[in-house]
Each structure stands twice: as structure tokens, then as C-alpha cells.
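Q: show me how the following folds:
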Amino acid sequence: MRMTVGTAVQAFTSTAPPAVILAAGEGHRLNGVNRGSPKPLTPVLGLTLLERAILSCKEVGVLEFYVVIGYHADKMIPYLRALEQRLSVLIQPVENLNWREGNGSSALSAAPYVSRPFLLLMCDHLFDPAILRLLLSAGKNTTDCLLAVDCHPDHVFDLDDATKVQLDGDVVTRIGKGPPPFDAVDTGLFLCQPTLFQALEVAKDKGQHSLSAGLAELIRSREFRAVTIGGRFWFDVDTPKSLSRAKSALLQSLSKPDDDGFISRYLNRPVSRQISEILVRTPISPNGISLMSFTVGIIGAVMFCLGGYIWTILAGLVIQLSSIIDGCDGEIARLRFQSTKFGGWFDTILDRYADTAIVAGVSFGYWLAHPHAAVWLGTIFALTGFIMASYVKKEYVIRYQSKPPGGLIGRLIKRDLRIFAIMLGAIANRPYEAMLLVGFLSHVGIVWILLKGHRQMR
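A: Predicted structure coming up:
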């Protein structure tokens, strides 16, 4: 087993089980897309299928991987070695010379390496790492093998090709690609016990080499249970059409319905996702995108300072573009599994600087036509509302260990609405008045959050 000191220490100090990833197949139905390369190396929005599978597991603490390879093993082994170094994990290639027999033989190839509970997954499945957390949590109280299932078949892209599951409560009673009746769909994500290998051996002795045949042996002994995933994201990539749909679904999953404001949800996200689909193929980092958004915002602020209707309209459009790009840094971070606490903090700081510059630019442009001291009093009023709205929400999280109150008022004081309102004001040649209005809404929201916090304390 080849490993570096760093990856070895990380792997064996992790409390999470190892993961066995089946990546041996040819994936001939994707040959038109990957030009004969192994299916695990098919790119999906900047990362290969296999890299996405490993990073999804790493999100829940898995650092030890056994990747079963077969087709073009000569290409896969160097790739896995490079991936091991880049991701700081332990990857043991497991070559299955009989990979054409079926995925059951590939799973069985990992038997000499695994003697404790392990995650089992297919390299061609995209999924929300939260599904693995569900499996790991359910696995604490059982010695059965567990399968994550989707009880909403209407969400499945190619239901005819999907593996169906029949249930008795949470006990799996049948699994296969046969016709209805069925209760759920197999997501290809398992938390298995070593007993799976024994079941696969029994199926092998019967001349059956599919994973489903081994699982059928577990079903007979009632050692196979299901864990429902709710509405969490997963996708099986088998064909060019499913690959295209998977990319769209993955981009759609980047939305944050609980956190996004009205403008972000209905205007910014649909545009920022299209920008992120392009940026994810470039070397630019999420923090680099934060700097890009900040720079565009500063340019818009300077345009406001120039005065004149044309510059004002352009300034409004530029700051709205900045707001849209501001969503791309988080989207890229989630697509590449690069989300960090520093990145979120850095983005927040740049947003406050950009807000200050935009308020100053709007005010200066208005002051050129209305040179009165009262202009700057309005500036202070609006700016304190914008900055304090962000500060009060973060303090609420610290004090009460929960998200700040949402609802209509909570969404009315979000940054996306502030920028959009100022843009509309710029188009109407009233950016200063629009700034004062959203500044007033910010102060109303601050008082509302304080009252909610006071009630919670009582």
C-alpha cells in the first residue's frame, strides 16, 4: 500500500469509515463524451466524476479510499496517485481483472482490504454529502447493511433504468431493475458491513456476479435496510443526456432557498449560475471571484461620483453586476468543495467595503447637484443601516446559536435587495432617494431583529 506520511496519519486518525468506490466499468454509453477515456475521468463542471465522489466523502470526514478499477487501469493508476497527493487522502487502487463480469465482482475485489464497516458508492453518481451523514448516523445503531433510497421516483431522471427497491417498513425485501411495484429507488450509496462480501461470495458460487445478486442474499437473511434521503440531491450519470441533465441539476442545487433574498432567488442566481458554469473551468479561486465582485462594485461607485444621468445609469447596472458576481464565489466554492470559514469572512468584509464605497459614490454624485450638508446626514443614516444590518444578524447567530429571524422583513434588509433598489433608483435618476429608502428599511429590520431576540430571551 503506497502512502505518504501525511496522508497515512490523516487516514488512520479519521473516525469515519473507509469508502469503497466502484470505478471499474467502461461506461461505453458515454464514449461520445469522454472519447474512450475511463468513465470515472468524465469531467463535470470542473471536476471528474471520481474526484467529485471522493470530495463528497471527504466532506463527511472520510480520508481512506479503496477505488476498484478495471477498464484502462493503466490510465487510472497514475490519475489516482496524483489525486491522492492533491486531495491529501489515502487512495488504494484495487484492480479487478474480471470487471466485465459485473459490479458485484468489483465490490468483492475490495474484500482483502476492508474488515470493518465501510461506505460503498458508484463513481458515476453525484450526490449531496448530507446523504452520507444520514447513512453514518443510522449505522451507529445497527449491524445491518444500509442503502440510501429515494422515495420520490418522480424526481429520478431515467426511472426505467433505475434500480428499484421494495420495502417492508425500512427492511429491504426486493431490489432490482424489474417492473413495479416498488417503494423507492436505489441511489447507489451504501453503508455496508463485511457480511456483504460473504453474500457476494454466495452469489458468485451461484454464477451471479452483480451487486444486486449479493444484496439479494442479504435480503434473505433480513440484514439489509433502507435509509430515506428526503429531497436531497443525487444523480446517476450514464449517458450524454443524463450528463447534461446532471450538470443542470448540480447548478440548480447551488441555490440557498433559506438564505437567498428575493432578488438573489429570482434574478441573481439564474444569471450567476450561468457565469459560474464558465468560471468553474478556469483556475480562478472563490476568493479571486470575491475580489472581482468587489472591484466591479468599486468601479460602479466611482461612476456614481461622476454625476450625470448616463453615468448614473451605467453605475446602477455595474453595481447590479457586482451583486450577481458576488453569488459566484460561493457557487464555485461549493462546486469545487472549496468552502472555507475564511472565504466567507473575506467575502463579508469586501461586501462592507463595497457598500461603503457605493453609498459614498451615490452621495457624492447627488451632492454635486445639491451641495447641502444634509446630504451627508442622509448618507450616514443609510450607511449605518446597511452595516448594522449585517452586524446585528451575525451577532444574533453568536448570541442565540441560531439563524436570525427570516420572513418578509428579514429578506427586505438583505444586500441583494439594497443593490437592486439603488440600481432601479439610478435608472429613474433617483439613486440617492432609493438609497435612503432601503437605509430606512435596514433600520426597521434591525429593530425587528432586536425585538425578536428580546422575546427569545424572555
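Q: stretch 284-295: which residues count as buried?
A: Of all the residues in stretch 284-295, those buried under the rule 16 or more other C-beta atoms under 10 Å are Pro286, Asn287, Ile289, Ser290, Leu291, Met292, Ser293, Phe294. Any C-beta I mention is one placed from the backbone N, CA and C, and that applies to glycine too.
Q: can I get the CA coordinates of that stretch in CSV?
A: What follows is stretch 284-295, C-alpha atoms only, in CSV (Å, rounded to 0.1, in the frame of the first residue of the first chain):
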residue,chain,number,x,y,z
ILE,A,284,-9.7,31.4,-10.6
SER,A,285,-10.4,30.8,-6.9
PRO,A,286,-13.5,31.7,-4.9
ASN,A,287,-11.6,34.4,-3.1
GLY,A,288,-10.5,35.7,-6.5
ILE,A,289,-14.1,35.9,-7.5
SER,A,290,-14.8,37.8,-4.3
LEU,A,291,-12.1,40.3,-5.3
MET,A,292,-13.6,40.5,-8.8
SER,A,293,-17.1,41.4,-7.4
PHE,A,294,-15.5,43.9,-5.1
THR,A,295,-13.6,45.6,-7.9
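Q: just how off-centre is it within its chain?
A: Taking C-alpha atoms, centre = their mean, to the nearest Å, one finds stretch 284-295 lying 19 Å from the centre of the chain it belongs to.
Q: any idea of the mean pLDDT in that stretch?
A: When the per-residue pLDDT values of stretch 284-295 are averaged, the result is 97.
Q: one more: stretch 324-335?
A: Here the mean pLDDT over stretch 324-335 is 95, rounded to a whole number.
Q: which other residues reach it?
A: Here stretch 324-335 makes contact (C-beta atoms under 8 Å, 6 or more residues apart in numbering) with 45-47, 250-251, 254, 264, 267-269, 271-273, 275-276, 279-280, 284-287, 289-290, 292-293, 296, 338-340, 343-344, 347, 351, 415.
Q: can we see that at 7 Å?
A: Counting by C-beta atoms under 7 Å, 6 or more residues apart in numbering, the neighbours of stretch 324-335 from elsewhere in the structure are 45-46, 254, 264, 268-269, 271-273, 275-276, 279-280, 286, 289-290, 292-293, 296, 339, 343, 347, 351.
Q: same thing with stretch 293-307?
A: The contact list for stretch 293-307 (C-beta under 7 Å, 6+ apart) reads 311-312, 314-315, 318-319, 321-322, 325-326, 329, 350, 353-354, 357-358, 360-362, 364-365, 368-369, 431.
Q: now it: buried residues?
A: Of the residues in stretch 293-307, those with enough neighbours to count as buried (16+ other C-beta under 10 Å) are Ser293, Phe294, Val296, Gly297, Ile298, Ile299, Gly300, Ala301, Val302, Met303, Phe304, Cys305.
Q: skipping its backbone neighbours, what lies nearest Tyr400 in space?
A: Leaving aside its sequence neighbours, Tyr400 sits nearest to Gln456 (C-beta to C-beta, 6 or more residues apart in numbering; 6.1 Å).
Q: check which helix or strand that neighbour maps to.
A: helix 431-457 (DSSP states H and E).
Q: buried residues in that helix, which are they?
A: Neighbour-count burial for helix 431-457, with 16+ other C-beta under 10 Å as criterion, is recorded at 431-432, 434-439, 441-443, 445-446, 448-449, 452-453.
Q: so where do the strands sit in the stretch 51-200 of the chain?
A: Counting by DSSP state E, counting those that start in this stretch, the segments of the stretch 51-200 of the chain that form strands are 64-69, 90-95, 118-122, 125-127, 145-150, 164-168, 171-176, 184-192.
Q: deepest of those strands, which one?
A: Most buried of those, by mean neighbour count (mean count of other C-beta atoms under 10 Å): strand 64-69, with a mean of 26.
Q: ok, and what's touching that strand?
A: Around strand 64-69, the neighbours that count as contacts under C-beta under 7 Å, 6+ apart are 11, 14, 18-24, 54, 76, 80, 89-96, 106, 109-110, 113-114.
Q: then stretch 255-267?
A: Under the contact criterion C-beta under 7 Å, 6+ apart, stretch 255-267 has outside partners Arg269, Gly327, Arg411, Lys414, Asp416, Leu417, Phe420.
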